[in-house]
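Build me a model:
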Amino acid sequence: RTPPVISAIAASVTTSTATVTWTTDKRASSQVMYGLTTAYGSSTTPDATFVTSHSQTIMNLASGTTYHFQVKSVDMFGNIATSTDQTFVMTTLVVDTTPPVIASTSVSVASTTAAVSWMTNELASGKVYYGTSTPLDVLSTSTLSVSTGTLTTSHQFNLTGLNASTTYYYVIESA
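Okay, the predicted model is just below:
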């Protein structure tokens with residue numbers, strides 16, 4: 001009996017987690033040994049589910065750090081396969097403390113709609129708070145809002161269902 005053949009090893013990383021994937025030519029278990037050196041020192045909990053597409057997630061890793069890892073699969077007959085040493089580098093967390101600059105604001109009004117648009121100097125989300133009272137309390141449940149989490153530099157929101165001949169106040173927010 002021959003051990004599984006491991007192939008297509010890949011690691012997808014964020015600032016604190018790494019997901020290691022690989023395939024085997026026959027159904028086998030999944031485990032990853034990892035650490036700062038080829039001595040590893042840590043491992044994921046073995047997953048005894050016999051599959052050919054394997055995935056193990058390692059959490060609480062240090063950003064900006066290089067980790068060594070090795071994948072291990074054991075078939076139903078106890079034949080063990082391990083990969084050669086592999087490495088991945090954790091993403092470094094970059095903190096941006098400067099808010100985007102909002103510019104080129106404009107409002108186009110029709111009888112019961114308004115289009116609010118603006119530009120930002122960097123990719124940012126957008127939100128428009130609006131209502132009929134001033135000062136506009138963005139935390140009030142009576143204040144309406146439209147938003148998107150999509151990051152862009154060109155923002156436009158269409159406010160609908162407005163009352164004709166009514167003054168509305170608005171606040172633009174980008175993050």
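
how about stretch 31-39: buried residues?
31-34 (16 or more other Cβ atoms under 10 Å). C-betas here are computed from N, CA, C, even on glycine.

for this structure, what are the low-confidence residue spans?
93, 141-142 (pLDDT under 70).

Write down the beta-bridge partners of Phe69, one by one.
Using DSSP bridges, the bridge partners assigned to Phe69 are Tyr34, Gln86.

Which parts of this protein are strands?
Assigned by DSSP state E, the strands in the chain fall at 6-13, 18-35, 42-43, 47-58, 66-74, 80-82, 86-89, 102-109, 114-131, 144-159, 169-173.

about what we covered before: Throw the buried residues of stretch 31-39 into CSV and include distance to Tyr168, thanks.
Converted to CSV, the buried residues of stretch 31-39 look like this (distance: Cβ to Cβ, whole Å):
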residue, distance to Tyr168
Gln31, 59
Val32, 56
Met33, 61
Tyr34, 56
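
Just the terminal-to-terminal distance for stretch 125-140.
21 Å (Cα to Cα, to the nearest Å).

got it, and stretch 5-24?
5 Å.

same check, this time on stretch 165-173
End-to-end distance of stretch 165-173: 25 Å, with Cα to Cα as the criterion.

Can you give the contact residues for that stretch?
Applying Cβ atoms under 8 Å, 6 or more residues apart in numbering, the contact partners of stretch 165-173 are 102, 105, 107, 114, 116, 118, 126-136, 138, 147, 155, 159, 162.

Tell me which residues of it come out buried.
Neighbour counts over stretch 165-173 (16+ other Cβ under 10 Å) mark 168, 170, 172-173 as buried.

thinking again about what came up before, nearest to Asp96, of the strands of the chain?
strand 114-131 (8.2 Å; Cβ to Cβ).

What strands flank the closest one, and is each parallel or antiparallel?
strand 102-109 (antiparallel), strand 144-159 (antiparallel), strand 169-173 (antiparallel).

still on that earlier bit, with the buried residues of stretch 165-173 in mind, which one is nearest to Asp47?
Nearest to Asp47 among these, with distances taken as Cβ to Cβ, is Glu173, at 43.7 Å.
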